[in-house]
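K.L.:
Quick one, fold the following:
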Amino acid sequence: GDGEVADNIRAKLGLPADIGRDELLSILSSAGEMSGGPLLLALDGLNETQPRSYWIHQLPSLVTQVSRLPFLRLCVSCRTTYVDHVVPATLDIPRVNHLGFAGMEFEACREFCEHYGLEHPATPFLAEEFSNGLFLRLVCEATRDEGLRRIPSGSYGTRSAINTFLRSKDRRYSQQFAVDIRRRYPSKAVSALADEITKHDTRSLNFDAARTVIERACDGAQGNLLEWLIEEGLIRVDAVMGAEQSEDHAFLPFERLGDHLLAERHLTGESAESIQSAFEQGGKLEFLLNEERWEDLAGLREAIALQIPEAFGVELPDLAPDRATRLHFDWLTLRALTWRDASSITSDTSEVILRTVRTASLLEATFEQQLLMSLLPSAVDAYWLDSLLKDDQLVNRDWYWCKYLHLSFERGKAVKRLIDTAFKVEARLLPADSVERWMVVLGWFCAAADRRVRAGASKAMVRLLTDHPKLWKVVISNFWSVDDDYIVERAL
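P.N.:
The predicted structure follows:
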């Protein structure tokens, strides 16, 4: 985050220091011309630069410079949470919201499993975490190292995946260097690095400083532990421009892992009783509500919203010190829903989700998150949706439910994904209870005014029930008395 952007690019390419900014960019443009097409200059993860305000000052001039060169293009990426903190609001550039593998989670999971030598998943993994390539890597590596042949069915929460991943690395290290697995050297090293990064309020440590931290935390470790962690993908090394030259820094492999490790540090020593006052004045977590650091702490707040209910069985909004904070905590709970382990989703969670579905601005987002969890047994699964919609009369239900179904299908979100995925899975391998929940959801899709949704849902039901014919009776019984002729007609 220090110096000119061109200086950092030059340092990474190993070019002489006397090459100026204009000359460097001209060289890159000429290289593109020689190749027959534009050269793409990609800057990944702007939010990981410290200080983040660096790009507020540097990006506009870089965009202007690149735009003048015919064979040079610029592409930058930034975690959505930090866009407003990194990219100037006045900068007029095309923006694309990259959704990872969103919309093709099942296919992505299948490809990752094949790469790691695992059996293809039978259960349709549609939740948000499976659209994240780094999360998929965590799950697949952990599953392989645990000696399993297939990712376990059910919700595989982020916290569970990270802990399993770290345990698998602890085991791998202990086997490779013949040390007691209870030493947990890799886990200790990564946690120590996270602690030190937190103390310095940064995202990385100088390579030598990182080595010192790890050696201090893991006295007695065999081999070059830091190099081993780098090879295993637990630590990432990148060049950071210093006052005169670039120097290697150690980073956590991706920001979400860092956020969750830091969240665990902040929650250490807390209990279900003590956490009740954590956000009150003088409380341990009051700093998360600091408006001056609101953007910087966004990722950590998301991790806290996931870990508190999993660790203490308490929903985040129940800890809010005032009404305004509770509204924000409702939103954080909703965002974290698909990243949570299904076992942590309780009747208290359903109360929060019921509150968000009754908030006009959150209604669509609530249904999106709930549908992605609907096939897994939990307090907000398909039967929760079934009860919610049955308790509302047709005249009250149609305006919001039909509108949502149309928009979600049109935008390729949860409704379309649940319909399309029915034609991609091996239905005969699906557990009957998952198919039954799927039928409940698809049955309610048949209420849509949009013919594409009704037709798609009907065909998807037939496709799944071909391998589970006994469930036809369940479908008919469930929808027989629903006050919607579209649904009754399709079920029959």
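K.L.:
so V213 is in which element?
P.N.:
In this assignment (DSSP states H and E), V213 forms part of helix 207-217.
K.L.:
Run through the neighbouring helices and strands of that helix.
P.N.:
Where contact means 3 or more C-beta pairs under 8 Å, 6 or more residues apart in numbering; DSSP states H and E, helix 207-217 is packed against helix 185-199, helix 225-231, strand 246-251. (Glycine included, C-beta is placed from N, CA and C.)
K.L.:
Mean neighbour count, the ones you listed: which tops it?
P.N.:
Counting by mean count of other C-beta atoms under 10 Å, helix 185-199 has the highest mean neighbour count of those, with a mean of 20.
K.L.:
and that helix, how far out from the chain's middle?
P.N.:
When distances are taken as C-alpha atoms, centre = their mean, to the nearest Å, helix 185-199 is centred 22 Å away from the chain's centroid.
K.L.:
May I have the predicted confidence score for the closest residue to G456 other than its chain neighbours?
P.N.:
With sequence-adjacent residues excluded and distances taken as C-beta to C-beta, 6 or more residues apart in numbering, G456 is closest to I419, at 4.2 Å. pLDDT, I419: 95.
K.L.:
hmm, who's touching the strand or helix carrying I419?
P.N.:
Assigned by DSSP H and E, I419 belongs to helix 414-421. Contact with helix 414-421 is made by 103, 105-106, 124, 126, 367-368, 371-372, 374, 404-405, 408-409, 438, 441-442, 445, 453, 456-457, 460, as judged by C-beta atoms under 8 Å, 6 or more residues apart in numbering.
K.L.:
if we can go back for a sec, okay, the helix holding V213 in CSV with CA atoms only?
P.N.:
C-alpha atoms of helix 207-217 as CSV (Å, rounded to 0.1, in the frame of the first residue of the first chain):
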residue,chain,number,x,y,z
PHE,A,207,8.0,-12.1,6.3
ASP,A,208,10.7,-12.1,8.9
ALA,A,209,8.3,-10.8,11.6
ALA,A,210,5.8,-13.6,10.6
ARG,A,211,8.6,-16.2,11.0
THR,A,212,9.4,-14.8,14.5
VAL,A,213,5.7,-14.9,15.5
ILE,A,214,5.3,-18.5,14.3
GLU,A,215,8.5,-19.7,15.9
ARG,A,216,7.6,-18.2,19.2
ALA,A,217,4.1,-19.8,19.1
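K.L.:
Show me what counts as buried in that helix.
P.N.:
Within helix 207-217, the residues that qualify as buried by neighbour count (16 or more other C-beta atoms under 10 Å) are F207, A210, R211, V213, I214, A217.
K.L.:
quick revisit: export the helices and strands packed on helix 207-217 to CSV and tack on distance to C140 and mean pLDDT?
P.N.:
As requested, these are exported to CSV (distance: least, C-beta to C-beta, whole Å; pLDDT from 0 to 100):
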stretch, distance to C140, mean pLDDT
helix 185-199, 18, 87
helix 225-231, 18, 90
strand 246-251, 22, 79
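K.L.:
Among those, which comes closest to D296?
P.N.:
D296 lies closest to helix 185-199 among the helices and strands packed on helix 207-217, at 11.9 Å (C-beta to C-beta).
K.L.:
where along the stretch 201-350 of the chain do the helices fall?
P.N.:
207-217, 225-231, 255-267, 298-312, 323-336, 347-357 (DSSP state H, counting those that start in this stretch).
K.L.:
The helix holding V213 to strand 246-251, inter-axis angle?
P.N.:
Helix 207-217 and strand 246-251 are oriented at 30 degrees to each other (axes from the mean of the first three to the mean of the last three C-alpha atoms, to 10 degrees).
K.L.:
how far off helix 185-199 does helix 207-217 point, in degrees?
P.N.:
Relative orientation of helix 207-217 versus helix 185-199 (the same axes, to 10 degrees): 120 degrees.
K.L.:
who's in contact with helix 207-217?
P.N.:
188-189, 191-193, 196, 205, 221, 225-226, 229, 235, 237, 247-250.
K.L.:
wait, which of the helices and strands packed on helix 207-217 is closest to E270?
P.N.:
Counting by C-beta to C-beta, E270 lies closest to helix 185-199 out of the helices and strands packed on helix 207-217; the figure is 16.5 Å.
K.L.:
Not counting its own residues, what contacts the closest one?
P.N.:
Outside helix 185-199, the residues that reach it (C-beta under 8 Å, 6+ apart) are 166-167, 169-170, 172-173, 179, 203-205, 209-210, 213-214, 216-218, 221, 225-226, 228-229, 232, 234-235, 250, 252, 258, 261-262, 264-265.
K.L.:
one more time with 7 Å
P.N.:
The contact list for helix 185-199 (C-beta atoms under 7 Å, 6 or more residues apart in numbering) reads 166, 169-170, 173, 203-205, 210, 213-214, 217-218, 221, 225, 229, 234-235, 250, 252, 258, 261-262, 265.
K.L.:
Which residues are in contact with the nearest residue to R171 once chain neighbours are set aside?
P.N.:
Among residues not flanking R171 along the chain, I181 sits closest, at 5.8 Å (C-beta to C-beta, 6+ apart). Residues in contact with I181, defined by C-beta under 7 Å, 6+ apart, are D170, R171, S174.
K.L.:
In helices, which of the contacts of helix 414-421 fall?
P.N.:
105-106, 367-368, 371-372, 404-405, 408-409, 438, 441-442, 445, 453, 456-457, 460 (DSSP state H).
K.L.:
how about low-confidence regions in the stretch 201-350 of the chain?
P.N.:
By pLDDT under 70, the low-scoring segments of the stretch 201-350 of the chain are 201, 239-246, 254-255.
K.L.:
Recalculate using a threshold of 80.
P.N.:
For the stretch 201-350 of the chain, applying pLDDT under 80 flags the ranges 201-203, 223, 237-247, 253-258, 292-296.
K.L.:
same question, the stretch 351-492 of the chain
P.N.:
Along the stretch 351-492 of the chain, the parts satisfying pLDDT under 80 run over 429, 492.
K.L.:
Would you mind measuring from the residue nearest to P309 when sequence neighbours are not counted to F312?
P.N.:
Nearest residue to P309, sequence neighbours excluded (C-beta to C-beta, 6+ apart): S344, at 5.0 Å. Using C-beta to C-beta, to the nearest Å, S344 is found at 10 Å from F312.
K.L.:
neighbour-wise, which of the two wins?
P.N.:
Applying other C-beta atoms under 10 Å to S344 and F312 shows that S344 carries more neighbours, namely 22 against 19.
K.L.:
Would you agree A448 falls within a helix?
P.N.:
No: read with DSSP: H, G, I helix; E, B strand; the rest coil, A448 is coil and lies in no helix.
K.L.:
Could you check how many residues crowd around it?
P.N.:
Neighbour tally, A448, other C-beta under 10 Å: 25.
K.L.:
now do L316
P.N.:
For L316, the count of nearby residues is 25 (other C-beta under 10 Å).
K.L.:
quick one: it from A422, how far?
P.N.:
With distances taken as C-beta to C-beta, L316 is found 34 Å from A422.
K.L.:
next one: G412
P.N.:
Using C-beta to C-beta, we find G412 at a distance of 15 Å from A422.
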